[in-house]
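>>> no sequence on this one, just coordinates:
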């Protein structure tokens, strides 16, 4: 199983960025997908989640209205679109797959760095 994130980088405050996570080695449509982030010196936090069929999404209060999670089950990909970025969004962002019926079956990507700075 592989989860490969891409799209991270350095962006000025107020800017936008789109992260992608390409998944292989599992039945993608059987997995709920999450984006987490971890800032230096802080605990990892759940940022956004989408159910296996894409019918339901949820967001941390800190990103609600600014981030959008989506998925393409035909391409085995989940995307996190981030707008109005703030310095406090700086973190390593991780893609996470959780089996919809067996949550103990889950996988993580290696992470991608997002830095918001002028």
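Perfect, I can see it now. A quick note: this is a predicted structure, and the numbers were derived from the prediction, not measured. Numbering: from 1, shown residues only.

>>> on the pLDDT front, check the most centrally placed residue in the chain for me.
Centroid-nearest residue in the chain, with C-alpha atoms, centre = their mean: residue 35, separated by 2.6 Å. Here, the pLDDT recorded for residue 35 equals 98.

>>> residue 107 pairs with what?
Counting by DSSP bridges, residue 107 forms beta bridges with residue 97.

>>> I'd guessed it sits against residue 94; true?
No: here residue 107 lies out of contact with residue 94, judged by C-beta atoms under 8 Å, at a distance of 10.6 Å. Quick note: C-beta positions are derived from backbone N, CA and C, even for glycine.

>>> and these two? which has more neighbours close in?
Neighbours per residue (other C-beta atoms under 10 Å) separate residue 107 from residue 94, with residue 94 holding more: 22 against 16.

>>> what helix or strand is that one on?
Secondary structure assigned from DSSP states H and E places residue 94 in strand 91-99.

>>> flag every buried residue along that strand.
Using 16 or more other C-beta atoms under 10 Å as the burial criterion, the residues of strand 91-99 that qualify are 91-99.

>>> turn those residues into a markdown table, columns for pLDDT and distance to residue 56.
Below are the buried residues of strand 91-99 laid out as a markdown table (pLDDT from 0 to 100; distance: C-beta to C-beta, whole Å):
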| residue | pLDDT | distance to residue 56 |
| --- | --- | --- |
| 91 | 98 | 24 |
| 92 | 98 | 26 |
| 93 | 98 | 21 |
| 94 | 98 | 21 |
| 95 | 98 | 18 |
| 96 | 97 | 16 |
| 97 | 98 | 16 |
| 98 | 97 | 14 |
| 99 | 97 | 16 |
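
>>> show me the strands in the chain, by range?
2-6, 9-11, 17-24, 31-38, 45-50, 57-59, 67-72, 77-82, 91-99, 106-108, 112-116 (DSSP state E).
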